[in-house]
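Enquirer: I'll drop the sequence and a predicted model, then ask my questions.
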Amino acid sequence: MTDAGPFDVLAGLEASDGRLKSYEELVERSTLVEGDGFVIRAAAIDDIIEAKERAGRPKDREALPELRAIRDAPTG
């Protein structure tokens, strides 16, 4: 738990075909995020969306519109 909310550490994410995407596969699309005294790798938004779609739990379904909006937001 952090001051900003929960922090998930995962060994992999489930793909739409049911297999577990490994860390090695996910790291290729990940992004380095630097904070105040730390650096993490964040999974690609498309990988997170795919895993939440596959999980199908109510909390995952509720998160999908916001995640898709983040993915589809103009960058620049």
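Expert: That came through fine.

Enquirer: neighbours of the closest residue to Leu67 other than its chain neighbours, just the number please.
Expert: Distances taken as Cβ to Cβ, 6 or more residues apart in numbering place Ile49 nearest to Leu67, at 5.2 Å, with adjacent residues excluded. Every residue, glycine included, has its C-beta placed from N, CA and C. By other Cβ atoms under 10 Å, the residues close to Ile49 number 19.

Enquirer: one more: Arg54?
Expert: Going by other Cβ under 10 Å, the residues that sit close to Arg54 add up to 14.

Enquirer: element containing it?
Expert: helix 45-55 (DSSP states H and E).

Enquirer: show the secondary-structure elements that that helix is packed against.
Expert: strand 12-14, helix 58-72 (3 or more Cβ pairs under 8 Å, 6 or more residues apart in numbering; DSSP states H and E).

Enquirer: which of the ones you listed sits closest to Lys21?
Expert: With Cβ to Cβ, the closest approach to Lys21 among those belongs to strand 12-14: 5.1 Å.

Enquirer: neighbouring strands of that closest one in the sheet, and parallel or not?
Expert: strand 20-22 (antiparallel) (DSSP bridges).

Enquirer: tell me who's in contact with the spatially most central residue of the chain.
Expert: The centre of the chain sits closest to Ile48, judged by Cα atoms, centre = their mean, with a distance of 3.4 Å. Listed by Cβ atoms under 8 Å, 6 or more residues apart in numbering, the contact set of Ile48 reads Leu13, Leu67.
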